Structure formats: C-alpha cells, structure tokens
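Fold the following for me, if possible:
(chains A, B, C and D)
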Number of protein chains: 2
Amino acid sequence: MGKQVTEMLKGTLEGIVLAILAGRPAYGYEITSWLRDQGFTDIAEGTVYALLVRIEQRGLVDVEKVPSEKGPPRKVYSLNAQGEAHLAEFWRTWSFLSERIEQLHQGEK
Amino acid sequence: MGKQVTEMLKGTLEGIVLAILAGRPAYGYEITSWLRDQGFTDIAEGTVYALLVRIEQRGLVDVEKVPSEKGPPRKVYSLNAQGEAHLAEFWRTWSFLSERIEQLHQGEK
DNA sequence: TCCGGTACTCAGCGCTACTATGTACCAGTA
DNA sequence: TACTGGTACATAGTAGCGCTGAGTACCGGA
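As a prediction, this is how the structure comes out:
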C-alpha cells in the first residue's frame, strides 16, 4: 500500500496489536505474519518489535520466553489488566474518531 | 482528550479536512472552530494551518484571499480535481483500515 | 486605552512507523 | 561441508505529522 496507510497506522497499530493480544497470547513474528495475511502487506518487521518493546515497557503486557523448534526462542506477550484498560480506552477513542469520519463520509453523498 | 487521539489523527486529519472542503470551500479559522464543535476540543490552531499549507503545496486545493470584516483577510481553500482524487484514495485507505479494526472489535465480544 | 474575538504564521519538540542491517537457530539439500 | 531459506528478535537512523508556544495583525466595544 502507500504512505497514507503508514500515517494512518500511527496510533492505531498499537490498538490493533493490543486487540490481537486480547484474543490470545502471541509473539512478534506471529503477529507480523498475521497482519500481512490481513492485507497489511508492508508492515515492517521492525515496527512490530519496536511496538512490542514499547508496550512492554509501559507495563501493558506480560512476557514469557518460550523455546521454538524452528529458531530462536519466542517472546510470547499476553495482555494484563493494565493493557486491557488501555485497550478499552483505545476503543473509546477509536469510536469517537470513526463516528465523526463516517459522518463526513455519508455527508458527501 | 488525550494523547491517543493525537496519534490517531496522524494521517486521518488530512482526510477529515479534505472531506470538509469537499462539501464547501472554507478557511482555516472556520475549519478549526468546526472541528472543536465536533468534539475535537484540543486540535491546535497551528496544526490546521500547517496542514492547509501542506495540502496547498501538494496542489490538492485552490486558494483565494477574501477580506474579512472582523480581522485579517481569510484564505479560503477549495478542493480541486487532484484533491478529490486524493480524498477518494483516503476513503479507500480508511475503509480498508476501519473494516479490519471493526472486525477485531467484534471478535472480542 | 485595553481587552477579546478574528485570522494567520512559524520554530522546535515528541511520537510512531519505516529503512536497513545484523544476529542467531535450525532443516533440507547439493 | 557449505549454502539456502524460513523462523525469530533487535536496533540505529530517518521522515512525517500533530502539538506547544509564541508572535503578528485587524477590528469593535467597554
């Protein structure tokens, strides 16, 4: 895709990842692959890892190292209580924004 | 609101402003006021003006100076053909992103 | 005269995603 | 053995965008 998505992902990618982790624990490589399957073809690997480091430092997730059969050990992230609160806040913000944008979209027709 | 909105506006604010201009020509101060009425209470004035300069330099809008009874002359922006194309692209990007996020939101319940 | 509303501008900062590169482990294969 | 490719993580540097804070300027009313 293009630069437009890149800018739009700022602020939303974190929410997306938290939402994924709300469903089940996951590790970086897995998340990146999943995102690419979903159509986010040009999400950079580094972006996801950097984001995971960030949310870990903010205490939104718990981390566990799990050995892999196919490579280096995985860092499996799971959402904790603080992360869930942050995610809830994300959904409020998202709803606020998307409602207004959707209104503009409708208004044009 | 908070920092979350700030980050989320990156990439979307431009589309929002283009969508406003698609409805009717407008000037910076007017756009800022309108956004604040809509609940974007902490949109900085400087942000809107900077954005307008940017989209003008990219040739997405036409500009006309119109005298005001109440202060300095207004710079009235109107969307041109290139701007409309860009806005259409914005809506495609937005739909892509919001569909995926909405799916995540549903999946959680 | 001073205040407040209107209207625009700009330098500097912080945050987030991308680029590019590197490390490391393992399986299959030539 | 050497090489390739998939798995898995990390990080220094860059760019873009919104915010902060400050400034300029015009006007009407108290």
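
What is the three-state secondary structure of A:Ala22?
Assigned state for A:Ala22: helix (three-state reduction, DSSP: H, G, I helix; E, B strand; the rest coil).

Can you give me the pLDDT of it?
With respect to pLDDT, A:Ala22 scores 97.

list the contacts for it?
A:Leu79, A:Gly83, A:Glu84, A:Leu87, B:Glu108 (C-beta atoms under 8 Å, 6 or more residues apart in numbering or on different chains). C-betas here are computed from N, CA, C, even on glycine.

Okay, it and A:Asp37: tell me how far apart.
According to C-beta to C-beta, to the nearest Å, A:Ala22 and A:Asp37 sit 18 Å apart.

among the contacts of A:Ala22, which two are most distant?
Greatest spacing in those, by C-beta to C-beta: A:Gly83 and B:Glu108 (13.0 Å).

how long is stretch A:54-67 end to end?
23 Å (C-alpha to C-alpha, to the nearest Å).

That one near chain B anywhere?
No: applying C-beta under 8 Å from any C-beta of the partner chain, one finds stretch A:54-67 out of contact with chain B, separated by at least 11.9 Å.

does DNA strand D sit close to that stretch?
No: Stretch A:54-67 lies apart from DNA strand D when judged by C-beta under 7 Å from any atom of the strand; the minimum separation is 8.0 Å.

what's next to that stretch, contact-wise?
Contact partners of stretch A:54-67, identified using C-beta under 8 Å, 6+ apart, comprise A:14, A:17-18, A:21, A:25, A:27, A:52, A:73-80, A:82-83, A:86.

could you pull out the helices for chain A?
Counting by DSSP state H, residue ranges of the helices within chain A are A:3-9, A:13-23, A:28-37, A:45-57, A:81-107.

deepest of those, which one?
helix A:13-23 (a mean of 21; mean count of other C-beta atoms under 10 Å in any protein chain shown).

ok so, going back, including distance to DNA strand C, could the helices of chain A go into CSV?
CSV is the format used below for these (distance: least, C-beta to the nearest atom of the strand, whole Å):
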stretch, distance to DNA strand C
helix A:3-9, 4
helix A:13-23, 3
helix A:28-37, 9
helix A:45-57, 3
helix A:81-107, 11
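
picking up where we left off before, ok, which of the contacts of stretch A:54-67 also contact chain B?
Within the contacts of stretch A:54-67, those near chain B by C-beta under 8 Å from any C-beta are A:Glu14.

Export stretch A:5-12 to PDB, keeping only CA atoms.
Extracted in PDB, the C-alpha atoms of stretch A:5-12 (Å, rounded to 0.1, in the frame of the first residue of the first chain):
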ATOM      1  CA  VAL A   5      -1.700   3.800   5.500                       C
ATOM      2  CA  THR A   6       1.600   4.400   7.200                       C
ATOM      3  CA  GLU A   7       0.400   7.600   8.600                       C
ATOM      4  CA  MET A   8      -3.000   6.300   9.500                       C
ATOM      5  CA  LEU A   9      -1.400   3.400  11.400                       C
ATOM      6  CA  LYS A  10       0.200   5.800  13.800                       C
ATOM      7  CA  GLY A  11      -1.900   5.500  16.900                       C
ATOM      8  CA  THR A  12      -4.000   2.600  15.600                       C
END
